[in-house]
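J.: predicted model and sequence follow; I will ask about them next.
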Protein chains: 2
Amino acid sequence: MARKLTLYIAASADGFIAAPDGDLSFLNAVEVPGEDYGYNVFMATVDTVLLGRKTYEKVVSMGVENPHADKECYVITRTPRESKGRTIFYTGNITDLINRLKSENGNRIFCDGGGEIIDELLRAELIDEIIVSVIPVLLGNGIPLFKPGRARQPLTLVSAQPYASGLVQMHYEVNH
Amino acid sequence: MARKLTLYIAASADGFIAAPDGDLSFLNAVEVPGEDYGYNVFMATVDTVLLGRKTYEKVVSMGVENPHADKECYVITRTPRESKGRTIFYTGNITDLINRLKSENGNRIFCDGGGEIIDELLRAELIDEIIVSVIPVLLGNGIPLFKPGRARQPLTLVSAQPYASGLVQMHYEVNH
């Protein structure tokens, strides 16, 4: 089976992944003790993580050294920097990277954001699956999950799972 | 019970309600004989319809004289025009209209679009319920369901219903 590149992300009902300043406090509304909305089950299928430089720095600024230290982790950046454990700061062409990863044996490749990387991957039609957790709030403003200016791509719904908190998780396959 | 203003609409998974030219052919992907996704049950609870002038003209251009002839129908426009049966061309303040309608006895008020009216109603925090049917397609471009630049508003999930076609219908109450 071919290796899949999966976008797994939370968004407000009006399609924002963060407030304009990157703030994620809208996620607090669905924080329920003992409920991870399938995150750990999903992460057990992932061996490689892709994230943008701003998202990486956001995570580091929150005091987390690297939340994906047990995975191969590619931080997409324009500024060369030395690798840190299994974290690689990647300055090359993103399409080349994904095509190489997909040609190798392995498990799921998880795109952890942010907005710029998601847009570039969608635009290049490299994303195979979208798992979006829709948070019951209109954020009103922020960083959009989907930027306009892409080609049309049909999806196949795999599942739609509502939770008691009002979060709805939708799992789509992208039909290439 | 207070009268509710309900936004009932279909959108692509990336949040567009129509292609840039207003084209709605992306809805064809979920056309299934005998399946109306609850539209008739919903419409039986509606006695008043609100729609924008462009949306009204789009419907008329499709050869439909007025799809809501049995309801009180307000077409929001900047150009005064004579009423036609129960269709009223309304040039006044939209907040005043909604407040008047909500103060009167009656059933659901249905907002049938389009983008400009939805944005104005959301911005004025006049919408009480959002029922959105998410179509399994990334449209890539088009008229957004939600424009940026609004205040944050929490929602309560009433239901999330997936269908065999891949459409997922989410029903939210807006917490004012």
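T.: Good, I have the coordinates.
J.: any weak-confidence spans in chain A?
T.: For chain A, residues meeting the criterion pLDDT under 70 lie at A:1.
J.: quick one: contacts for the residue sitting nearest the centre point of it?
T.: The centre of chain A sits closest to A:Asp112, judged by C-alpha atoms, centre = their mean, with a distance of 2.8 Å. With contact taken as C-beta atoms under 8 Å, 6 or more residues apart in numbering or on different chains, A:Asp112 is in contact with A:8-9, A:49-51, A:55, A:68. C-betas here are computed from N, CA, C, even on glycine.
J.: for chain B, see how far away it is.
T.: 19 Å (C-beta to the nearest C-beta, to the nearest Å).
J.: try A:Ile130
T.: Taking C-beta to the nearest C-beta, one finds A:Ile130 at 7 Å from chain B.
J.: what number of residues are in the vicinity of that residue?
T.: If you count neighbours by other C-beta atoms under 10 Å in any protein chain shown, A:Ile130 ends up with 24.
J.: which parts of chain A are helices?
T.: Applying DSSP state H to chain A gives helices spanning A:39-43, A:53-61, A:94-103, A:115-123.
J.: any idea how far the shortest one is from the middle of the chain?
T.: Think helix A:39-43. 13 Å (C-alpha atoms, centre = their mean, to the nearest Å).
J.: quick one: name the residues of chain A near chain B.
T.: For chain A, the residues in contact with chain B (C-beta under 8 Å from any C-beta of the partner chain) are A:13-15, A:26, A:29, A:122, A:130, A:132, A:134, A:136-142, A:144-146, A:148-157, A:159-160, A:162, A:166-168, A:170, A:172, A:174.
J.: buried sites along the lengthiest strand in chain A?
T.: As assigned by DSSP state E, the longest strand anywhere in chain A is strand A:153-162. Going by neighbour count (16 or more other C-beta atoms under 10 Å in any protein chain shown), the buried part of strand A:153-162 is A:153-155, A:157, A:160, A:162.
J.: next: stretch A:48-67.
T.: Result for stretch A:48-67 [16+ other C-beta under 10 Å]: buried residues A:48-56, A:58-59, A:66-67.
J.: can you give me the end-to-end distance of that stretch?
T.: 12 Å (C-alpha to C-alpha, to the nearest Å).
J.: how about residues contacting that stretch?
T.: So stretch A:48-67 is contacted by A:5, A:22, A:68, A:71-79, A:84-85, A:87, A:89, A:97-98, A:101, A:106-117 (C-beta under 8 Å, 6+ apart).
J.: about what we covered before: can I get the buried residues of strand A:153-162 in JSON lines including distance to B:Asn93?
T.: Below are the buried residues of strand A:153-162 laid out as JSON lines (distance: C-beta to C-beta, whole Å):
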{"residue": "A:Gln153", "distance to B:Asn93": "41"}
{"residue": "A:Pro154", "distance to B:Asn93": "42"}
{"residue": "A:Leu155", "distance to B:Asn93": "40"}
{"residue": "A:Leu157", "distance to B:Asn93": "41"}
{"residue": "A:Ala160", "distance to B:Asn93": "39"}
{"residue": "A:Pro162", "distance to B:Asn93": "37"}
